[in-house]
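Asks: take this sequence and fold it.
(2 chains)
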Amino acid sequence: GNSVTQMEGPVTLSEEAFLTINCTYTATGYPSLFWYVQYPGEGLQLLLKATKADDKGSNKGFEATYRKETTSFHLEKGSVQVSDSAVYFCALKANNFNKFYFGSGTKLNVKP
Amino acid sequence: EADIYQTPRYLVIGTGKKITLECSQTMGHDKMYWYQQDPGMELHLIHYSYGVNSTEKGDLSSESTVSRIRTEHFPLTLESARPSHTSQYLCASSSGPSNTEAFFGQGTRLTVV
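Replies: Sure thing, here's the model as predicted:
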């Protein structure tokens, strides 16, 4: 079956610290992988995506690399800001299917 | 910028009332989804549609119903609201290819008192 597992939060960091949020997946075939961000009171927004093995998605200083050998898609940012405080969701969309599978979300708190 | 809209943003309603949560998208997407988001943040798929006149139940059982009479419109209805229906409801849409993302509305926060 298809599933996504991401690290539990909350994750609390000081401003300018390095961020890693782990995400691993199980999927049939070759899925596309996504990271979404949700700010308080809002819907989810796409942060970045990767559609095949070894692709790197990047946006706003965030990066994630599609690792087929380890079935992982870890989110990283070199220097977080207070404005990055939000909930982050890892997701997959499997080939030949049209449903999205989301991880349980990781809340990030960045302190000044 | 995503063109998918949910109304209302917030709704407080009494037990036993019938409610409809609206979701519309202007992107011509054939696939639309309803998710229920619990306070622990996890998303649960409750309904989805692959096109007009196509609806399916999701992974989480829900007492709500949906319809898809027009491509752009995917309303969710609760015939008799209960306090257990209190939650955040998120609507999303996506186009066909497997490498395309879902676009989300801003959500409706429903409180049943």
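Asks: my read is that B:Asp3 contacts B:His29, right?
Replies: No - in this structure, B:Asp3 is not within contact of B:His29 by C-beta atoms under 8 Å, at 9.6 Å. Any C-beta I mention is one placed from the backbone N, CA and C, and that applies to glycine too.
Asks: looking at those two, which is more packed in?
Replies: Using other C-beta atoms under 10 Å in any protein chain shown as the criterion, B:Asp3 and B:His29 rank with B:His29 on top: 21 against 14.
Asks: anything in contact with each of B:Asp3 and B:His29?
Replies: B:Phe103 (C-beta atoms under 8 Å, 6 or more residues apart in numbering or on different chains).
Asks: where do the strands sit along the chain?
Replies: By default, I'm working from chain A. A:3-6, A:11-14, A:19-21, A:23-26, A:32-38, A:44-50, A:56-59, A:62-65, A:75-77, A:86-93, A:100-102, A:106-111 (DSSP state E).
Asks: let me rephrase: I mean chain B.
Replies: Under DSSP E, chain B gives strands at B:4-7, B:10-13, B:19-25, B:31-37, B:43-51, B:54-57, B:65-66, B:76-78, B:87-94, B:103-104, B:108-112.
Asks: closest one to A:Gly61 among the ones you listed?
Replies: strand B:103-104 (21.9 Å; C-beta to C-beta).
Asks: and the closest one, is it in reach of chain A?
Replies: Yes - using C-beta under 8 Å from any C-beta of the partner chain, strand B:103-104 comes into contact with chain A via B:Phe103, B:Phe104.
Asks: quick one: contacts of that strand?
Replies: A:36, A:43-46, B:2-4, B:25, B:27, B:29, B:90-94.
Asks: distance of B:Tyr89 relative to B:Glu79?
Replies: Between B:Tyr89 and B:Glu79 the computed distance is 15 Å (C-beta to C-beta, to the nearest Å).
Asks: more neighbours, those two?
Replies: B:Tyr89 (23 against 11).
Asks: quick check, pLDDT for that one.
Replies: Looking at B:Tyr89, its pLDDT is 96.
Asks: so who does it touch?
Replies: Counted by C-beta under 8 Å, 6+ apart, B:Tyr89 has contacts B:Gln6, B:Leu21, B:Trp34, B:Tyr35, B:Gln36, B:Gln37, B:Leu76, B:Gly107, B:Thr108, B:Arg109, B:Leu110.
Asks: just B:His47 next, same as before
Replies: B:Tyr33, B:Trp34, B:Thr55, B:Glu56, B:Lys57, B:Gly58, B:Ser62, B:Ser64, B:Val66, B:Leu76.
Asks: let's go with 10 Å and repeat that
Replies: Residues counted as contacts of B:His47 (C-beta atoms under 10 Å, 6 or more residues apart in numbering or on different chains) are B:32-36, B:55-58, B:60, B:62, B:64-68, B:74, B:76, B:91.
Asks: A:Asn98 now?
Replies: So A:Asn98 contacts B:30-31, B:33, B:48-50, B:94-98, B:100, B:102 (C-beta under 10 Å, 6+ apart).
Asks: which one (most neighbours) among the residues you listed?
Replies: Result: B:Ala102 is most packed of the contacts of A:Asn98 (other C-beta under 10 Å), 27 neighbours.
Asks: tell me how many other residues crowd A:Ala53.
Replies: A:Ala53 is flanked by 12 other residues according to other C-beta under 10 Å.
Asks: in the chain, which segments are predicted with low confidence?
Replies: No chain in the question, so chain A it is. A:96-97 (pLDDT under 70).
Asks: that's the other chain; I wanted chain B
Replies: B:1-2.
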